[in-house]
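Chemist: just the structure for this:
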Amino acid sequence: MPTGPLEQWTSPPFVPTQREGKLYGRGAADMKTSIAAMVVAAEEFVHAHPHHKGSIGFLITSDEEGPATDGTVIVCNALKARGEQLDYCVVGEPTSSDVLGDTIKNGRRGSMSGKLTVKGVQGHIAYPQLARNPIHQCAPALAELVAEKWDDGNEYYLPTSWQVSNIHGGAGASNVIPGNVVIDFNFRFCTASTVDGLQKRVHAILDKHGLEYDLKWSISGHPFLTPKGTLSDAMSDAIKSETGVTTELSTTGGTSDGRFIAQICPQVVEFGPPNGSIHKIDEHIEVRFIDPLKNIYRRTMENLLL
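Modeler: Here you go, the predicted structure:
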C-alpha cells in the first residue's frame, strides 16, 4: 500500500515507531502485526504441544492490494494441482471495529468492475444538432443503474451495490462536444446474485436507452462464505476467553485473499486488530492489543488441534 505524502507522516512510514501507547508504520494494522502475532502464536503453540494433531503453514504475499495475480492465486493453484486439501484458514485482516475481537469476517462479497465507453459524435458546442453528446445520452441510463435494486441480500450479506468510480469525458476545451465518455463502475455482489445475471441486467438497461457503447468486464473475486461452524466457533471462544468480548460474524467491507483460499479450503475466516487507521497517514495499532491478538491466534490453534 503506498504511503501517501511522506511529509504528512509524523514518523517515517517504514520505521516502526512507538509513541503514546501506539505502534506507527505502514502495515501496522493491515496486516503486518497480524503476521507477527501468528508467527509467535504458532511458535508458542508448537513449543507447548509438540505432538499436536495438525500441521501449520503460513502464506505471506505482497500481491493482495494490487491485481492479485502473482501471490495467493499461484499458491492456491499449485496446492489444487497437488491435491492438497486445507482444513482451516485464518486471514489476519484487520476486522475489528471498536475493540479487539468485536468482529470476525466469515465471508466477503464479490467484486466485479466494468469499463463502459459510450460513443457519440464530436462537434462544436454551438452546433449541437451536428453532434451527438454521449454524456447527455448516457445520463438517463446511469440514473436507472443507480436506482436499480439488484437484490435483497440474504442472511449473511448486505444487498449487492453498484457504484461509479470514475467518469472521463471531454476534449479539454469548453466549446467542444466530446466524442465519447468512459465510465468506470464496480459491483460488490453477494451470493444472492450471479456474475452472468448482473452483466445481463446492465446490458439490458444500456440497450433500452439505445446507446452505442463498448463494455469490458473484469472480475477480481467471487463472493465466499463460511457458515458458522468449527473454525468460527474456535475463534469466537478464543476471543471470549482472552478478552471477554462476544464477537459477531460479518461479511461487510472490502475483499481479501480469502476469496482465493476459499476455493481450496472449506472454512476460511478473517480476524485481526481494529481497522480505523488502515491505508491512512500515520497508520497504527494500539500496543495493548498486540499480545491479546497473539494469544487469540494461539488459543484458536489449541481449540482446533488439541
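
Chemist: for the nearest residue to residue 170 once chain neighbours are set aside, which residues are in contact?
Modeler: Spatially, and ignoring its direct neighbours in sequence, residue 170 is nearest to residue 178 (4.8 Å; Cβ to Cβ, 6 or more residues apart in numbering). C-beta here means a position set from N, CA and C on the backbone, and glycine is covered the same way. With contact taken as Cβ atoms under 8 Å, 6 or more residues apart in numbering, residue 178 is in contact with 120, 122, 133, 134, 135, 169, 170, 171.

Chemist: let's see that with 7 Å instead.
Modeler: Residue 178 makes contacts with 120, 122, 134, 135, 169, 170, 171, as judged by Cβ atoms under 7 Å, 6 or more residues apart in numbering.

Chemist: secondary structure class for the last one?
Modeler: Under DSSP: H, G, I helix; E, B strand; the rest coil, the three-state class of residue 171 is coil.

Chemist: out of the contacts of residue 178, which are buried?
Modeler: Restricting those to buried positions leaves 120, 134, 135, 169, with burial counted as 16 or more other Cβ atoms under 10 Å.

Chemist: any idea how far the second one is from residue 144?
Modeler: Spelled out, it's residue 134. Distance, residue 134 to residue 144, by Cβ to Cβ, to the nearest Å: 16 Å.

Chemist: sheet partners, orientation included, of the strand or helix carrying residue 216?
Modeler: Remark: residue 216 resides in strand 213-221, with elements defined by DSSP states H and E. Take DSSP bridges as the rule and strand 213-221 pairs in its sheet with strand 110-119 (antiparallel).

Chemist: which residues sit against the partner strand?
Modeler: Contacts of strand 110-119 (Cβ under 7 Å, 6+ apart): 134, 137-138, 180-189, 195, 198, 202, 211-223, 255.

Chemist: now do the contacts for the spatially closest residue to residue 6 that is not a sequence neighbour.
Modeler: Excluding its sequence neighbours, the residue lying closest to residue 6 (Cβ to Cβ, 6+ apart) is residue 13, at 7.1 Å. By Cβ under 7 Å, 6+ apart, the contact set of residue 13 is 3, 25, 26.

Chemist: mind checking which of those are buried?
Modeler: Taking 16+ other Cβ under 10 Å as the criterion, what is buried in these is 25, 26.

Chemist: helices along the protein, start to end?
Modeler: 33-48, 72-82, 134-147, 195-208, 230-243, 258-261, 290-305 (DSSP state H).

Chemist: can you get me a residue count around residue 111?
Modeler: By the criterion of other Cβ atoms under 10 Å, residue 111 has 18 neighbours.

Chemist: run through the bridge partners of it.
Modeler: Judged by DSSP bridges, the bridge partners of residue 111 are residue 188, residue 221.

Chemist: ok, it to residue 198 distance?
Modeler: In terms of Cβ to Cβ, residue 111 sits 12 Å off from residue 198.

Chemist: closest one to residue 283 out of the contacts of residue 178, please.
Modeler: Ranked by distance to residue 283 (Cβ to Cβ), the contacts of residue 178 are led by residue 169 at 35.1 Å.
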